[in-house]
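Novice: sequence isn't available, so here's the structure alone:
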């Protein structure tokens with residue numbers, strides 16, 4: 001299905017031409033024809049300098065910030081033939097996405113060039129389909145932490161010449177100091193250059209700003225192992241005791257069932273573990289953690305950054321009042337405050353039809369409330385009990401943790417008549 005344009009499409013489709021570090025000489029005949037025929041050429045200053053005089057269109061450099069300027073420039077030059085220059089493949093972390101959102105796919109004619117990741121894999125002999133790509137262009141370096149796994153191959157898209165040193169420091173601080181790093185500069189041009197080294201001993205001076213970093217992840221022997229599924233070790237979190245413990249957390253995320261692109265409300269965030277592991281489930285998952293205590297809210301942000309999901313939004317305030325202006329969620333987890341008047345009702349009403357709600361409690365008062373809602377709305381009511389082996393004198397016995405009552409339910413969609421199914 002085509003995206004609905006937010007700008008009136010021009011009479012002619014906008015040509016979006018991918019260009020590499022090799023400049024004009026690396027372009028196809030069709031790309032050159034599109035650029036020669038354009039009345040307006042829009043791109044970064046560096047990209048525009050790569051074009052020869054035969055590209056006679058008016059040259060317009062993108063301002064900063066770029067994204068807000070896109071609809072204005074498209075509208076300003078609407079009646080003229082427009083060509084937009086992009087680095088490499090315009091639809092791979094490029095300007096093509098913003099243009100498609102504004103004009104719809106039918107308003108574009110995209111001519112891609114090999115991306116820097118394609119060039120990098122070609123030079124390294126890495127299968128592109130087995131290589132994870134993480135962009136740090138306009139994004140915090142902390143997001144790289146979520147992709148660090150022993151033996152994993154990563155390509156990191158650099159923001160500038162200082163990014164390799166930043167990546168080396170992050171790898172070292174997360175127990176991946178032995179990882180091999182290779183910085184590949186000006187890929188596809190005659191000025192290609194390489195730097196090679198180990199993260200914990202990285203001493204190369206900043207080079208060219210156009211670079212891609214190849215990382216072969218190697219962890220130290222004592223590095224904390226963080227898996228790809230929910231249930232990270234409790235010691236991965238900074239906390240004051242307000243933490244959904246590992247085995248209960250894994251069961252809770254299983255009930256919440258995160259899917260790509262979905263939004264979670266984590267109400268009563270504590271240490272943020274549920275929201276953090278929801279976001280680690282897929283790079284496009286989003287979450288809002290609502291926590292009334294300012295010290296805990298700051299702790300949630302620190303945990304999120306260290307565990308690779310710095311995009312977690314933390315709202316400091318008391319629910320349900322703090323929920324009023326939030327985006328409609330696909331799932332809600334209530335980890336505390338169930339007996340606060342109106343909280344459970346507010347979460348249920350805010351949840352989109354078809355969304356999931358999961359609530360955990362260890363108190364009899366909140367358990368009675370969940371039992372009442374279970375009788376009204378259905379779902380699953382579960383008692384979760386975990387015991388750990390501990391020393392008992394010279395022997396070993398079981399120590400039972402407080403049992404957790406969990407209610408999980410899916411909100412029904414309205415029937416055609418308007419009544420709930």
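Specialist: Ah, there it is. Remember, it's a predicted structure, so these values are computed and weren't measured experimentally. Numbering: from 1, shown residues only.
Novice: quick check: buried residues in stretch 59-78?
Specialist: By neighbour count with 16 or more other Cβ atoms under 10 Å, stretch 59-78 contains the buried residues 59, 60, 62, 69, 70, 71, 73, 74, 77, 78. Using the backbone N, CA and C atoms, a C-beta is placed for each residue, glycine as well.
Novice: measure the fourth one to residue 77 for me?
Specialist: Applying Cβ to Cβ, to the nearest Å, the value for residue 69 to residue 77 is 12 Å.
Novice: can you give me how far stretch 22-42 is from the chain middle?
Specialist: Here the centre of stretch 22-42 is set off from its chain's centre by 33 Å, with Cα atoms, centre = their mean, to the nearest Å.
Novice: could I get the buried residue list for that stretch?
Specialist: 22, 23, 26, 27, 31, 32, 34, 35, 38, 40, 41, 42.
Novice: and stretch 133-149, by the same measure?
Specialist: Quick answer for stretch 133-149 (16+ other Cβ under 10 Å): 133, 134, 135, 136, 141, 142, 143, 144, 145, 146, 147, 148.
Novice: what's the closest of these to residue 100?
Specialist: Nearest to residue 100 among the buried residues of stretch 133-149 is residue 135, at 17.8 Å by Cβ to Cβ.
Novice: show me the contacts for the closest one.
Specialist: 93, 156, 157 (Cβ atoms under 8 Å, 6 or more residues apart in numbering).
Novice: which of these tops the neighbour count?
Specialist: residue 156 (27 neighbours; other Cβ atoms under 10 Å).
Novice: close enough to count as contact, that residue and residue 139?
Specialist: No - using Cβ atoms under 8 Å, residue 156 makes no contact with residue 139, being 10.7 Å away.
Novice: tell me which element the residue nearest the centre of the chain is part of?
Specialist: By Cα atoms, centre = their mean, the chain has its centre lying nearest to residue 283, at 3.8 Å. Residue 283 belongs to no helix or strand when assigned by DSSP states H and E.
Novice: in strands, which of the contacts of residue 135 appear?
Specialist: With strands defined by DSSP state E, the entries of these inside them are 156, 157.
Novice: and the least confident of the contacts of residue 135?
Specialist: Lowest pLDDT within those is found at residue 93 (92).
Novice: that residue against residue 137, yeah?
Specialist: Yes - if you go by Cβ under 8 Å, residue 93 and residue 137 touch, sitting 6.8 Å apart.
Novice: identify the contacts common to these two.
Specialist: residue 157.
Novice: may I have the phi/psi pair for residue 22?
Specialist: Main-chain torsions, residue 22, degrees, to the nearest 10: phi -80, psi -10.
Novice: noted, bye for now.
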